[in-house]
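Visitor: A structural model of the following input is requested.
(one chain, ligands or ions: 1)
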Amino acid sequence: MKKLIAGNWKMNGSKDESRALIAAIVNELSQDEAILDNAEILVCPPVLYLGDVRHALHGYPSVVFGAQDVSLYDNGAYTGDISAKMLKDAGCSYVILGHSERRQYHGESDADIKVKAEKVLAQDMVPVICVGETESERDAGEQEAVVAKQLKGAIPELKPHENLVIAYEPVWAIGTGKTASPQDAEAMHSFIRSELKSLVSAPNSVRILYGGSMKPENAKDLLGQENIDGGLIGGASLKADAFLSIAKSA
Ligand code: PEP
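Guide: Predicted coordinates for the structure are as follows:
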């Protein structure tokens, strides 16, 4: 299984900056296509710039793109929402769900994330479900219980052909420069893998990404762990060279 290297651009940049970033990614990749032997590259720009990213990737299917959230609803009077069908229409292959920033600032619950994941799967896209404990939960030794509860609450029942990605993102490591040690990350990923056994029929085919201040300096050690199948990268995904240097570590 190739590692999935996913960039979460969050609410950063402008139209011009998004165009320049995707152009730089394509340009660097076309000069070093060997990166793609071991890594699948995913970028998740602000939804408004999906069309620009799609345009830039036309004829370059090696990089896929996705969204950072989706509506709970299919269509209708939900001002500001964007449905799974619209994201599919825009060419998305993946949708990030339940990022800790959405849980924190938009009050998203595991039950919401489950409904969203079902909408995403119904459109033949892949949900990337984010889980992870806060610093105080880790200090209290509750990280496994927290993550187990999130997985149980957010993962929908999968049909045999459906695909799912889990991103383990310890909240204390997101955007802080603090990273889980490769050993701590691997311990949690292996725990997640074993929890998946009772939740999905093919736990070994679910990719489990690590996210939380992944950068070129620590990517190799993290991605070298047995149960770390890729990375969800925030800050370092906004610079093509840093992002692709992480992909190269795969
Ligand atoms: C993220 O927000 O998904 C993330 C991992 O951010 P950062 O890499 O900046 O910690």
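Visitor: switch to C-alpha atoms for all contacts and neighbour counts from now on
Guide: Fine.
Visitor: Adjacent strands (with direction) for the helix or strand where Val95 lies?
Guide: Using DSSP states H and E, Val95 sits in strand 94-97. Strand pairing for strand 94-97, determined by DSSP bridges: strand 63-67 (parallel), strand 126-131 (parallel).
Visitor: what's the most buried one of those?
Guide: Mean neighbour counts were taken over those using mean count of other CA atoms under 10 Å, and the top value, a mean of 26, falls to strand 126-131.
Visitor: quick one: is it near the ligand?
Guide: No - Strand 126-131 lies apart from the ligand when judged by CA under 6 Å from any ligand atom; the minimum separation is 8.4 Å.
Visitor: Pull the residues that contact that strand.
Guide: 93-100, 113, 117, 120-121, 147, 150-151, 154-155, 162-170 (CA atoms under 8 Å, 6 or more residues apart in numbering).
Visitor: Out of the residues you listed, which sit inside helices?
Guide: 100, 113, 117, 120-121, 147, 150-151, 154 (DSSP state H).
Visitor: Please identify which helix or strand holds the closest residue to Asp52 other than its chain neighbours.
Guide: Residue nearest to Asp52 in three dimensions, not counting chain neighbours: Arg19, with 6.3 Å by CA to CA, 6 or more residues apart in numbering. Per DSSP H and E: Arg19 is located in helix 15-31.
Visitor: Buried residues, the very next helix or strand once past that helix. List them.
Guide: Next in sequence after helix 15-31, counting helices and strands by DSSP H and E, comes helix 35-38. Buried residues in helix 35-38, counted by 16 or more other CA atoms under 10 Å: 35-36, 38.
Visitor: Dump the strands paired with strand 94-97 into CSV; add distance to Asn12 and mean pLDDT as well.
Guide: Below are those laid out as CSV (distance: least, CA to CA, whole Å; pLDDT from 0 to 100):
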stretch, distance to Asn12, mean pLDDT
strand 63-67, 14, 98
strand 126-131, 20, 98
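Visitor: now Ile166, which residues is it bridged with?
Guide: Ile166 has these beta-bridge partners by DSSP bridges: Ile129, Ile208.
Visitor: show me what contacts it?
Guide: So Ile166 contacts 128-131, 206-209 (CA under 8 Å, 6+ apart).
Visitor: got any ranges where this structure has weak pLDDT?
Guide: Judged against pLDDT under 70, the chain has no low-scoring part.
Visitor: Give the residue farthest from the middle of it.
Guide: Within the chain, the residue lying farthest from the chain centre (CA atoms, centre = their mean) is Ala77, at 28.4 Å.
Visitor: Double-check Gly235 against Gly211; I have them as touching.
Guide: No - contact criterion CA atoms under 8 Å: Gly235 and Gly211 do not qualify, at 10.6 Å.
Visitor: and those two? which has more neighbours close in?
Guide: Remark: of Gly235 and Gly211, Gly211 carries more neighbours, 29 against 21, as counted by other CA atoms under 10 Å.
Visitor: The more buried one and Lys149: what is the separation?
Guide: 19 Å (CA to CA, to the nearest Å).
Visitor: next one: Lys239
Guide: Distance from Lys239 to Lys149, counting by CA to CA: 34 Å.
Visitor: More neighbours: which of the two?
Guide: More neighbours surround Lys239 than the other of Lys239 and Lys149, with 16 against 12 (other CA under 10 Å).
Visitor: Fine by me, we can end here.
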